[in-house]
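>>> Just a sequence and a predicted model for now, questions to come.
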Amino acid sequence: MADRRAAEAHGRRAETLAGLWLRLKGYRILARRVRLPVGEIDLVARRGRQIAFVEVKARKTRRLGEEAVPEKNWRRISRAAESWMAGKPALSGLDWRFDLVIVLPHALPIHLRDRWRPDFASTPF
């Protein structure tokens, strides 16, 4: 139980750092830790006419971070994004994408924009 709580706290810190990093890059954070029956989204961010549904991973290396989100997780995030957007008609005209932020120890976060697309395989862009 203590391990689970420590992992949860570590994840929350990573999400906070990722949110701060995105804000520094000009994004506005619209939602954090979105929990829906169809899935979860770590961060929803907006910059201009673009909505980014952001998965955050805290890992020791970039490679481990990139490998940490399998296809099935991206599909779950995509379903959650569709559900979330359905409840936000004011945002319906905006473009959206799926990003990954990797939080590394003793380094700046890595923001991988457009990391996955529902209509393509999870090929890195």
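Received, thanks.
>>> switch to C-alpha atoms for all contacts and neighbour counts from now on
Fine.
>>> mind listing what's buried in the one helix or strand A7 maps to?
Using DSSP states H and E, A7 falls within helix 2-24. Neighbour-count burial for helix 2-24, counted by 16 or more other CA atoms under 10 Å, picks out 11-12, 14-22.
>>> again with stretch 27-36
Here stretch 27-36 shows 27-29, 32 as buried, counting by 16+ other CA under 10 Å.
>>> How far away from the center of its chain is stretch 68-87?
Distance of stretch 68-87 from its chain centroid, counting by CA atoms, centre = their mean, to the nearest Å, is 10 Å.
>>> contacting residues around that stretch?
36-41, 53, 57, 91-92, 98, 116, 118, 121-122 (CA atoms under 8 Å, 6 or more residues apart in numbering).
>>> try stretch 3-13
So stretch 3-13 is in contact with 57-58, going by CA under 8 Å, 6+ apart.
>>> Excluding chain neighbours, give the residue nearest to R23 in space.
Leaving aside its sequence neighbours, R23 sits nearest to I29 (CA to CA, 6 or more residues apart in numbering; 7.1 Å).
>>> in terms of contact, does that neighbour touch A18 like I think?
No. Counting by CA atoms under 8 Å, I29 stays clear of A18, with 10.3 Å between them.
>>> before we move on, back to that, tell me the strands beside whichever helix or strand comes after the helix holding A7, with direction?
Using DSSP H and E, the helix or strand that follows helix 2-24 in sequence is strand 28-36. As defined by DSSP bridges, the strand partners of strand 28-36 come to strand 39-47 (antiparallel).
>>> Looking at the buried residues of helix 2-24, which one is closest to T61?
The closest of those to T61 turns out to be A14 (CA to CA; 14.0 Å).
>>> All good on my end, thank you.
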